[in-house]
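Q: Let's see this in three dimensions:
(one chain, ligands or ions: 1)
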Amino acid sequence: MMNVVDLRPYEEAAESKITAVDVSKVYSTKKSQFTALNRVSFHVNAHEFVSFVGPSGCGKSSLLRIIAGLESMTSGSMSISGHEIDGPGADRGMVFQSYTLFPWLTVRENIEFGLTLKGVPLFEKRAVADHFMELVGLHKFARSLPKELSGGMKQRVAIARALANNPEVLLMDEPFGALDPQTKNAMQELLLRIWEKEKTTVVFITHDIEEAIFLSQRVYVMQAHPGMIRKEIVVPRGLRSIDGVKDSEPFIKLKKEIISLIGDHHE
Ligand SMILES: Nc1ncnc2c1ncn2[C@@H]1O[C@H](COP(=O)(O)OP(=O)(O)OP(=O)(O)O)[C@@H](O)[C@H]1O
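A: Predicted coordinates:
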């Protein structure tokens, strides 16, 4: 028998980390039913940075909560590395907009929290926390309590805490939404540096179109009523993560394209 040699480049065989097929979510009360997501299909490859943007109420948070396993879907299927999602798991780390640190724990203890639960030995736990405190630039604040930190610093702890558990996917729900513009820019740059270094797969929810283009390799543009994916946009390399790029003509052009996609479907 002849040997068949596969000459396709590796890029073509990118491993799909998250696969969603026809995911629908209907919220039901005794009196009414509301379709928050209608047959949403998408994929996220391993090590990819993918954002979902869309108007308020298009179902972005519902979608992320379904990926996180915090919410069930009404129909459809969603899998991570080929395994159907049926609840929360350590393979997914989450960072929310609202600060979710434990107020009574120090920065180090917050970052070590998941490892403590898993029974990771002290020596290893310390080393992991040290690595991630260094990564987010908070090693000098190891003993501080959350109330002593600014909003940006709290989110840096939240990112470090999520990554310390070595998740396969980092799920981020408007993590920089409550920050002032300057801190937000600094956090975006930090996140990209972390992503490049750690090679984490990131799913990022935002209603900030600029943020989505700047951070992502691909953007899914959503529409509301019912929540659906309107368009998938592959962000050209030159528009991402480059200082000053947000003021460039191609960046503004893409931003306008997404605004008009979303605008067409505003109420
Ligand atoms: N538990 C719930 N019960 C009933 N309806 C809900 C529930 N959660 C969300 N919804 C509705 O589903 C729709 C989608 O909500 P979701 O929070 O996912 O949207 P979103 O795009 O994240 O919005 P925003 O940007 O405003 O946070 C909204 O109209 C919301 O009112």
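
Q: Packing partners of the helix or strand harbouring Thr183?
A: Element membership for Thr183, per DSSP states H and E: helix 181-198. Helix 181-198 is packed against helix 122-135, helix 151-164, helix 209-215, with contacts defined by 3 or more Cβ pairs under 8 Å, 6 or more residues apart in numbering; DSSP states H and E. Every residue, glycine included, has its C-beta placed from N, CA and C.

Q: tell me the pLDDT at the residue in the stretch 101-250 of the chain that the ligand sits nearest to?
A: Nearest residue of the stretch 101-250 of the chain to the ligand: His207, at 5.3 Å (Cβ to the nearest ligand atom). Looking at His207, its pLDDT stands at 90.

Q: In contact with it, which residues?
A: Going by Cβ atoms under 8 Å, 6 or more residues apart in numbering, His207 touches 53-56, 60, 174, 177.

Q: restrict those residues to those near the ligand?
A: 54, 56, 60 (Cβ under 6 Å from any ligand atom).

Q: Name the nearest residue to the second one, sequence neighbours excluded.
A: Nearest residue to Ser56 in three dimensions, chain neighbours excluded: His207, at 6.7 Å (Cβ to Cβ, 6 or more residues apart in numbering).

Q: ditto for the first one
A: Closest residue in space to Gly54, ignoring its immediate chain neighbours: Met222 at 3.0 Å, by Cβ to Cβ, 6+ apart.

Q: The last one too?
A: In this structure, Lys60 finds its nearest non-sequential neighbour in Ile205, 4.5 Å apart by Cβ to Cβ, 6+ apart.

Q: Touching, that neighbour and Val50? I think so.
A: No - Ile205 lies out of contact with Val50 (Cβ atoms under 8 Å); the separation is 10.2 Å.

Q: Show me whatever sits in contact with both of these two.
A: Contacts common to Ile205 and Val50, judged by Cβ under 8 Å, 6+ apart, are absent.

Q: Could you report the pLDDT at Gly137?
A: 91.

Q: Ok, Ala90 next?
A: 87.

Q: if you skip the residues just before and after it, what's nearest to it?
A: Closest to Ala90 by Cβ to Cβ, 6+ apart is Asn165, at 5.6 Å.

Q: do Asp130 as well
A: His139 is the one closest to Asp130 (Cβ to Cβ, 6+ apart), at 7.0 Å.

Q: burial of the one you found, as a residue count?
A: His139 is flanked by 15 other residues according to other Cβ atoms under 10 Å.

Q: Then Thr29?
A: Using other Cβ under 10 Å, Thr29 has 7 other residues around it.

Q: mind checking pLDDT for it?
A: Reported pLDDT for Thr29: 86.

Q: Please tell me how far it sits from Ala36.
A: 13 Å (Cβ to Cβ, to the nearest Å).

Q: do Glu148 as well
A: Distance from Glu148 to Ala36, by Cβ to Cβ: 38 Å.

Q: Who has more neighbours out of those two?
A: Ala36 (23 against 12).

Q: hang on, Phe204 is in a strand, isn't it?
A: Yes - counting by DSSP: H, G, I helix; E, B strand; the rest coil, Phe204 is located in a strand.

Q: Identify the residues contacting it.
A: Phe204 neighbours (Cβ under 8 Å, 6+ apart): 49-52, 172, 175, 212, 215-216.

Q: what are the bridge partners for it, then?
A: Ser51, Met172 (DSSP bridges).

Q: okay, now the domains of the chain?
A: Under the assignment automatic domain parsing, the domains of the chain span 16-91+169-267, 99-166.

Q: which of the contacts of His207 count as buried?
A: The neighbour count (16 or more other Cβ atoms under 10 Å) marks 53-55, 60, 174, 177 as buried among those.

Q: distance between stretch 153-169 and the chain's centre?
A: Centroid displacement of stretch 153-169 relative to its chain, using Cα atoms, centre = their mean, to the nearest Å, is 11 Å.

Q: Okay, buried residues for that stretch please.
A: Buried-residue list, stretch 153-169, by 16+ other Cβ under 10 Å: 153-165, 167-169.

Q: could you pull out the strands for the chain?
A: Per DSSP state E, the chain has strands spanning 16-28, 33-45, 49-53, 75-80, 83-84, 92-95, 169-173, 201-206, 218-223, 228-234. These are given in chain order.
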